[in-house]
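Participant: could you work out the structure for the sequence below:
(chains A and B)
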There are 2 protein chains.
Amino acid sequence: MPESRPIAILGGTGPAGTGLALRWARAGEAIIIGSRDSQRAQEAADKIKQKAGNQANISGMENSAACAAADLLVLTVPFEGQATLLKQVKPAIRPGSILIDATVALAAGVGGRASRTLGIWQGSSAQQAAELVPKGVSVAAAFHNLSAELLNGAEALDCDVIVCSDDPEAAKLTRSLASKIPGIRAIDGGKLENARTLEQITALLIGLNIRHKGHAGIRITGLPPEAYR
Amino acid sequence: MPESRPIAILGGTGPAGTGLALRWARAGEAIIIGSRDSQRAQEAADKIKQKAGNQANISGMENSAACAAADLLVLTVPFEGQATLLKQVKPAIRPGSILIDATVALAAGVGGRASRTLGIWQGSSAQQAAELVPKGVSVAAAFHNLSAELLNGAEALDCDVIVCSDDPEAAKLTRSLASKIPGIRAIDGGKLENARTLEQITALLIGLNIRHKGHAGIRITGLPPEAYR
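Facilitator: Okay, the predicted model is just below:
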């Protein structure tokens, strides 16, 4: 993947978005932070640049402009904002784009607990996203189970990223992006429908964090070495 | 926990049951294998004893007799047999017993895929079990995500066991049983309702095993040392 193919992180001013941006910028990727407000996007981009170093290639744009400028899109908004954002940016999404969805439908989004999830008619937030993107745009589900606090730090992570997608090329590209984050091993998790379990795991880990005061992640054990790439 | 408090593994002649029995027998626990057929239960017990060594304390009984002889019950049957078995043994379950449920409602049980689960009205198989046991019997959910093949082997496992229960004492006892299996760390996963995610994870791991030809398990990273016990 050439450096010239930028990654747009939609709704990327929150902690998960800035954390992924920081890690990918450090790995030499070109990053566009998307936000409803272009000014806010630029401010977030500047902050990440200060942490990542001056050679980092990070800009900020309004979400639709970010979609028009990139064909690798990452969605890190809370679930309650996912459908609205996707409907809004849909006309700007370029044909052949890949959307990497990290959304989790936490009950906290509707006044419930962050350790519980909502039932999604399509099965998962990622499957809802797949319904909302233009035809010919592939969706991959990944990055649900990384601690935003650890992502925004400097140390290697101690986590695996399971990637689910119905498009093998989108899955492969998403795994390669995951592998650029120090400490992370990427695992092919099969079809997009399996995202439902990835999303549930986030709520479980949030519960563990509340109970045990940590930054929980998961590692998958017992697979042959070639499964981790 | 004194050795004299036996563990009855109901429907324990399958690979998950015999694997847990083997590991606990090696740790000095007294084990009763329960089965619909007492003859079959005794044969399974004899086989495990051959692997565990002659000092191992393992017997076999019909399921209701096993319930009457123990107050630590472990359920390792396929989901489609769970309700029938619990209704059948209910009169034999002693007041104050603890039932550890490891059931996962795989779609394979109704002709679907082992990498998918069924929706359970109560939320999870463990919550269905809680509805079916006599009043005063506590249910804990655990041991869903251990490879039966690895359990039946000799090596230490590379997995964590998350334990969910509404009864802190039942949870503590279940964690102590988990910790007796070499390599396993036990983690308090909170209330029984969180079993839904533990059960989903099994289907995800089965999918990974099919895809990558392994014996997948999970480790939880990022929690403070006192969370693992």
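Participant: nearest spatial neighbour of the residue nearest the centre of chain A, skipping sequence neighbours?
Facilitator: Nearest residue to the geometric centre of chain A (CA atoms, centre = their mean): residue A:102, 4.0 Å. Nearest non-adjacent residue to residue A:102, counting by CB to CB, 6 or more residues apart in numbering or on different chains: residue A:143, 4.1 Å away. Quick note: C-beta positions are derived from backbone N, CA and C, even for glycine.
Participant: then residue A:121?
Facilitator: residue A:128 (7.7 Å).
Participant: please, where are all the helices along chain A?
Facilitator: In chain A, the segments counted as helices under DSSP state H are A:15-26, A:38-52, A:63-68, A:79-89, A:125-132, A:148-151, A:168-179, A:195-212.
Participant: for residue A:9, give me its contacts.
Facilitator: Going by CB atoms under 8 Å, 6 or more residues apart in numbering or on different chains, residue A:9 touches A:17, A:20-21, A:31-34, A:66, A:74, A:76.
Participant: make CSV out of these and add neighbour count, distance to chain B and pLDDT.
Facilitator: Below are those laid out as CSV (neighbours: other CB atoms under 10 Å in any protein chain shown; distance: CB to the nearest CB, whole Å; pLDDT from 0 to 100):
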residue, neighbour count, distance to chain B, pLDDT
A:17, 26, 20, 97
A:20, 28, 17, 98
A:21, 32, 21, 98
A:31, 29, 25, 98
A:32, 27, 29, 98
A:33, 30, 26, 98
A:34, 32, 28, 98
A:66, 28, 31, 98
A:74, 29, 22, 98
A:76, 26, 19, 95
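Participant: near chain B, which residues of chain A are found?
Facilitator: With CB under 8 Å from any CB of the partner chain as the criterion, chain A meets chain B at residues A:115-116, A:147, A:150, A:158-159, A:162, A:187-190, A:193-194, A:196-198, A:200-201, A:203-205, A:207-209, A:211-224, A:226-227.
Participant: doesn't residue A:13 make contact with residue A:40?
Facilitator: Yes - at 5.7 Å, residue A:40 counts as touching residue A:13 under the criterion of CB atoms under 8 Å.
Participant: number of residues surrounding residue A:197?
Facilitator: Other residues lying near residue A:197 total 26 when counted by other CB atoms under 10 Å in any protein chain shown.
Participant: roughly how far does it sit from residue A:90?
Facilitator: 27 Å (CB to CB, to the nearest Å).
Participant: for residue A:56, same thing?
Facilitator: 30 Å.
Participant: for residue A:158, which residues are in contact?
Facilitator: Applying CB under 8 Å, 6+ apart, the residues near residue A:158 are A:183, A:217, A:219, B:221-222.
Participant: and those residues as TSV, adding neighbour count?
Facilitator: Shown next, in TSV, are the contacts of residue A:158 (neighbours: other CB atoms under 10 Å in any protein chain shown):
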residue	neighbour count
A:183	14
A:217	24
A:219	18
B:221	20
B:222	20
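Participant: quick check, nearest of these to residue A:86?
Facilitator: Relative to residue A:86, the closest of the contacts of residue A:158 is residue A:217; by CB to CB it sits at 27.2 Å.
Participant: spatially nearest residue to the closest one (excluding sequence neighbours)?
Facilitator: In space, and not counting its chain neighbours, residue A:217 is closest to residue A:159: 3.4 Å by CB to CB, 6+ apart.
Participant: that neighbour: neighbour count?
Facilitator: If you count neighbours by other CB under 10 Å, residue A:159 ends up with 26.
Participant: isn't it right up against residue A:220?
Facilitator: No - in this structure residue A:159 lies outside contact range of residue A:220 using CB under 8 Å: 9.9 Å.
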